[in-house]
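Q: build me a structure from this.
(one chain, ligands or ions: 2)
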Amino acid sequence: MGYKNNNTGFRDGLLETRSMIKKNNYAILTHDGLVNNLIPGFENTRISILGSPRMGASFSDFIAEFEEGGKNILGFGGPGIETFVYVIKGALIVSDDNGKSDQLASGGYAFFPVNEKMYFENGQKETTEAFLYQRAYEPLAGHQAHKVIGDKDAVTPIAYEGMEDALLWNLLPTDDLGFDMNFHILSFQPGASHGYIETHYQEHGAYLLSGKGMYNLDNNWYPVEKGDYIFMAAYTPQAAYATDRTEPLAYVYSKDANRNPGV
Ligand code: UGY
Ligand code: MN
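A: Ligands and ions are numbered 1, 2, ... in the order given. Model prediction:
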């Protein structure tokens with residue numbers, strides 16, 4: 001890895017990467033190539049911008065490492081924006097505009113609806129790692145999304161399209177039109193795969209939580225592993241095989257939902 005494990009400086013081998021960028025179609029950002037960005041509001045936090053409008057996404061994703069004293073007291077999100085955070089490792093205190101705080105452990109997550117800022121504070125001395133998302137909310141008359149605080153372990157996964165060795169967690173409500181997107185986790189046991197190559201209207205930003213796999217993006221196969229990020233634009237063909245011999249290939253990902261594409 002690069003900055004994420006402090007493995008910087010000259011290397012013995014040639015410079016090479018598995019990263020692949022096809023703007024407005026798909027992108028793989030490998031963990032080795034991520035750089036540390038400075039984002040206003042984040043203090044004592046190493047943060048990388050992942051998917052963004054510059055890549056062709058309608059959202060921005062980030063991977064953040066809150067170090068000791070790491071926080072954001074200016075607030076993440078704001079007018080017109082909805083936000084989501086998923087804690088990968090550690091303890092993160094997430095607060096709202098009313099000063100209500102929740103401590104999220106690994107697998108904990110929070111969704112804040114449009115206009116409600118999210119404030120962060122590392123809840124431990126050790127580093128806390130979290131995946132962050134923000135997107136302009138698309139309102140629907142008569143419906144409203146609401147704040148969600150949850151934990152992956154409290155959600156019962158379902159067999160993904162009937163396949164028992166591929167599990168799907170729906171992290172946000174699936175039956176509430178106030179939500180214009182959802183977050184899910186998909187986990188494929190070694191050897192499991194999608195049942196077909198999906199081609200759909202919705203976009204995804206996916207952060208790989210465990211395992212290894214071969215991912216098909218627009219009919220090209222790429223090796224991917226834990227710590228990689230994948231952007232899939234609208235209509236990009238997509239599917240994966242889990243190829244690690246012991247660990248499932250699992251990723252947390254966003255998907256827009258519940259809106260008419262218009263004309
Ligand atoms: O929900 C999805 O569209 C998901 N199955 N896509 C994906 O894994 N690339
Ligand atoms: Mn999909």
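Q: who in this protein is up against ligand 1?
A: Taking CB under 6 Å from any ligand atom as the measure of proximity, the chain contacts ligand 1 at His184, Leu186, Glu198, His204, Met232, Gln238, Lys255. For glycine as for every other residue, the C-beta is placed from the backbone atoms N, C-alpha and C.
Q: and which of the residues you listed is nearest ligand 1?
A: Using CB to the nearest ligand atom, the shortest approach to ligand 1 within the residues of the chain next to ligand 1 belongs to Gln238, at 4.2 Å.
Q: quick one: residues contacting that closest one.
A: For Gln238, the contact set (CB atoms under 8 Å, 6 or more residues apart in numbering) comprises Tyr26, His194, Ile197, Glu198, Thr199, His204, Tyr215, Asn216, Leu217, Asp218, Met232.
Q: returning to what we had before: out of the residues of the chain next to ligand 1, which are buried?
A: Buried members of these, scored by 16 or more other CB atoms under 10 Å, are His184, Leu186, His204, Met232, Gln238, Lys255.
Q: assign Val94 to helix, strand or coil.
A: Assigned with DSSP: H, G, I helix; E, B strand; the rest coil, Val94 falls in the strand class.
Q: next, the contact list for it, please.
A: By CB under 8 Å, 6+ apart, Val94 lies in contact with Val85, Ser101, Asp102, Gln103, Leu104, Ala110, Met118, Tyr119, Phe120, Ile149.
Q: select from those residues every entry located in strands.
A: Secondary structure from DSSP state E places Val85, Ser101, Asp102, Gln103, Leu104, Ala110, Met118, Tyr119, Phe120, Ile149 of these in strands.
Q: shouldn't the second one be in contact with Ser95?
A: Yep, that's Ser101 we're talking about. Yes: if you go by CB atoms under 8 Å, Ser101 and Ser95 touch, sitting 4.3 Å apart.
Q: with neighbour numbers in mind, choose between those two.
A: Ser95 (19 against 12; other CB atoms under 10 Å).
Q: what pairs with the more buried one across the strands?
A: Per DSSP bridges, the residues bridged to Ser95 are Ser101, Tyr119.
Q: quick one: pLDDT of it?
A: Note for Ser95: predicted pLDDT of 98.
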